[in-house]
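Q: need coordinates for the following:
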Amino acid sequence: MNLAVKNALQESLTDRYVKLPADLRAAFRPQREWAEGQGLWLLLAFFCSGVGAGTWLFSAPAFFDVPAGLVIGLLLMVAGSGGAHLAFLGHPLRAWRMVAQFRTSWVSRGIVGIMVFTIPAVLYLVPSVFPGVPWRQDDLFGKALMALSIFGALWVATYKGFVFAVAKGIPFWNSPLLPPLFIAYALRGGLAVLLLIGALGGKFAAFHSVEVVKLWTVVSSAALIVFYVWVMSDAGLTARQSAREIINGRVSLVFYVGVVAGGIVVPLVGGCLAFFTDLSLGAVGLIGVCSLVGDFSVTYSIAKAGIYLPPAFGALSGVR
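A: Here you go, the predicted structure:
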């Protein structure tokens, strides 16, 4: 373990043990493992892999056909799975454990999905760098690689919702609404990257179509997050407390600034304006950046608001 990672891990453990006595005395104990210290690396891994999957999907020839988006999507996936996940583990030699629990762990299934995506995605892009290889992107083998990579990207966009949803000890996460919510945010993250590509001068034929689709995903994902918080606010005593943390508690600043203002209001206003006038590239870039900030803020808010089911009050968890 290198010195920087070791020091960060020690600081995280020290901070955790300082807060632990207060947490244990509290009626509602917040989870910190996935929202503070080393846990932020896991959230970053979820974010990068989800946005990478969405970028690859919308950049595929069957959608908007953006070659630069394919490269960026692959790089985001590698950064999330290879970089942030390993940083969360704290030791690269533990990486094998991430795929050793496929039958029981959604994290393991997600890592397998990343592999299912990454291998064919790399092979698909090889002919654009080394034209001498015996296959092309538009032949049968190349199309099969693209189809398999799209399957892997959909797998990756789906799994992180189940990572949270199967956590029965944290009622706010234990909801069938989370997988579709995270899928929606992975897709809009991919569209945000395409907007940034366009804003940076990488014009492509379907650029204005991306703006329209982006507006639709902003509206749908906004409805999903509002509906999710509203439903969970009436899902039991502990889940209700988590919802309060988002609405007017310790997570509210991130939620209102990151999720609502940055991730919903700015893209929504920009998308509406795009129907009446041509937005400047700077405005398009701002929409893309704000949308990505909103995407990460959603993951962070849901993780940070997680509260463990109190053992002493387990029987009250279903009280309305």
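Q: from here on, contacts and neighbour counts on C-alpha atoms
A: Will do.
Q: show me the strands in the stretch 101-250 of the chain, by range?
A: Assigned by DSSP state E, counting those that start in this stretch, the stretch 101-250 of the chain shows no strands.
Q: got any ranges where it has weak pLDDT?
A: For the stretch 101-250 of the chain, the stretches flagged by pLDDT under 70 are 101-106, 202-208.
Q: list the contacts of Tyr228.
A: Leu177, Leu178 (C-alpha atoms under 8 Å, 6 or more residues apart in numbering).
Q: could you check how far it is from Thr277?
A: Using C-alpha to C-alpha, to the nearest Å, Tyr228 is found at 34 Å from Thr277.
Q: residue contacts, Ala35?
A: Counted by C-alpha under 8 Å, 6+ apart, Ala35 has contacts Leu43, Tyr300, Ala303, Lys304.
Q: correct me if wrong: Gly294 contacts Val260.
A: Yes. With contact defined as C-alpha atoms under 8 Å, Gly294 and Val260 form a contacting pair (7.4 Å).
Q: contacts only, for Ala192.
A: By C-alpha under 8 Å, 6+ apart, the contact list for Ala192 reads Lys214, Ile287, Gly288, Val289, Ser291, Leu292.
Q: got these as a markdown table, with secondary structure and neighbour count columns?
A: Formatted as a markdown table, the contacts of Ala192 follow (DSSP: H, G, I helix; E, B strand; the rest coil; neighbours: other C-alpha atoms under 10 Å):
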| residue | secondary structure | neighbour count |
| --- | --- | --- |
| Lys214 | helix | 26 |
| Ile287 | helix | 28 |
| Gly288 | helix | 29 |
| Val289 | helix | 21 |
| Ser291 | helix | 30 |
| Leu292 | helix | 26 |
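Q: pick out the most distant pair among those.
A: Across the contacts of Ala192, the longest distance by C-alpha to C-alpha is 12.9 Å; it joins Lys214 and Val289.
Q: against Val126, how distant is the residue lying farthest from the centre of the chain?
A: Distance from the centre of the chain peaks at Gly132, with 36.4 Å (C-alpha atoms, centre = their mean). According to C-alpha to C-alpha, Gly132 stands 10 Å off from Val126.
Q: which helices and strands does the helix or strand where Val284 lies pack with?
A: Assigned by DSSP states H and E, Val284 falls within helix 281-304. Applying 3 or more C-alpha pairs under 8 Å, 6 or more residues apart in numbering; DSSP states H and E, we find helix 281-304 packed against helix 39-59, helix 178-199, helix 266-274.
Q: now the angle from the longest one to helix 39-59?
A: To tie it back to what came earlier, the one meant is helix 178-199. 70 degrees (axes from the mean of the first three to the mean of the last three C-alpha atoms, to 10 degrees).
Q: just the C-alphas of helix 178-199, formatted as CSV.
A: The C-alpha atoms that make up helix 178-199 are tabulated as CSV, following Å, rounded to 0.1, in the frame of the first residue of the first chain:
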residue,chain,number,x,y,z
LEU,A,178,-33.5,2.8,-7.1
PRO,A,179,-32.4,0.7,-10.1
PRO,A,180,-34.5,2.7,-12.6
LEU,A,181,-33.4,5.9,-10.9
PHE,A,182,-29.7,5.1,-11.4
ILE,A,183,-30.3,3.9,-14.9
ALA,A,184,-32.0,7.2,-15.8
TYR,A,185,-29.0,9.2,-14.3
ALA,A,186,-26.5,7.0,-16.1
LEU,A,187,-28.2,7.8,-19.4
ARG,A,188,-28.5,11.5,-18.7
GLY,A,189,-24.8,11.5,-17.7
GLY,A,190,-23.9,10.0,-21.1
LEU,A,191,-25.9,12.7,-22.8
ALA,A,192,-24.2,15.4,-20.7
VAL,A,193,-20.8,14.1,-21.9
LEU,A,194,-22.0,14.3,-25.5
LEU,A,195,-23.0,17.9,-24.9
LEU,A,196,-19.5,18.7,-23.6
ILE,A,197,-18.0,17.1,-26.6
GLY,A,198,-20.1,19.3,-28.8
ALA,A,199,-19.3,22.4,-26.7
